[in-house]
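Colleague: Pasted the sequence and its predicted model underneath.
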Amino acid sequence: MTSIWIVRDYENCSGCRRCELACSFHHEGWMWPEASRVRVFMPFPGVEVPHLCAQCDDYPCVESCPVDALSVDADTTAVIVDRDACTSCGACYRACPGTVPFLHPADNKATICDLCGGDPECVKVCKEAGYNCLRLVHEGMSPNRKLFSRNPIEVAKDLAVKMFGEKGEEVI
């Protein structure tokens, strides 16, 4: 199956949060970062981590839903939420290796990146700004996606070590 997904180049993220604004504007009709399907975390000063669904090849969130409110779009491989069926139980959140799904602040329903139907707004604004932290990739299913299905705190720790060195390491 050929699919699309958004790869992240964490070192290129400036923390501008244009992706959050574009996503929320596209989905909500106004700029509401708390409802954005992509979130930028800054657990440490200078370390920005964009966080969104990686469309895992085994879709643990979909498999965990007790009411079948989550499905996989055949064209984009994005996770689609049936908001009418969702009971807000949080099973998808607990099953996700990156704890990506969240309960929407307006209706308390599971919310996950749907790839904007195949033309992600976050990717467009990131490219427009020249950061290219978020890039759209067309490919078959890949186990490498799991590399992006990690908690943003874990990603930030690894990124901080890469950028600033380990504690006690002499910086020249």
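Modeller: Noted; the coordinates are in hand. Numbering: from 1, shown residues only.
Colleague: Pretty sure F41 sits in a helix.
Modeller: No: looking at F41 with DSSP: H, G, I helix; E, B strand; the rest coil, it is strand, so not inside a helix.
Colleague: Once you drop chain neighbours, what's closest to it?
Modeller: P152 (4.2 Å; C-beta to C-beta, 6 or more residues apart in numbering). Every residue, glycine included, has its C-beta placed from N, CA and C.
Colleague: now swap in S64 and tell me
Modeller: That would be A95: by C-beta to C-beta, 6+ apart, it lies 3.5 Å from S64.
Colleague: Skip the chain neighbours and tell me the closest residue to the residue most central in space within the chain.
Modeller: What sits nearest the mean C-alpha location of the chain, by C-alpha atoms, centre = their mean, is L52, with 0.3 Å. Of all residues not flanking L52 in the chain, V38 sits nearest, at 4.1 Å (C-beta to C-beta, 6+ apart).
Colleague: Relative to S88, how far out is the one you found?
Modeller: 21 Å (C-beta to C-beta, to the nearest Å).
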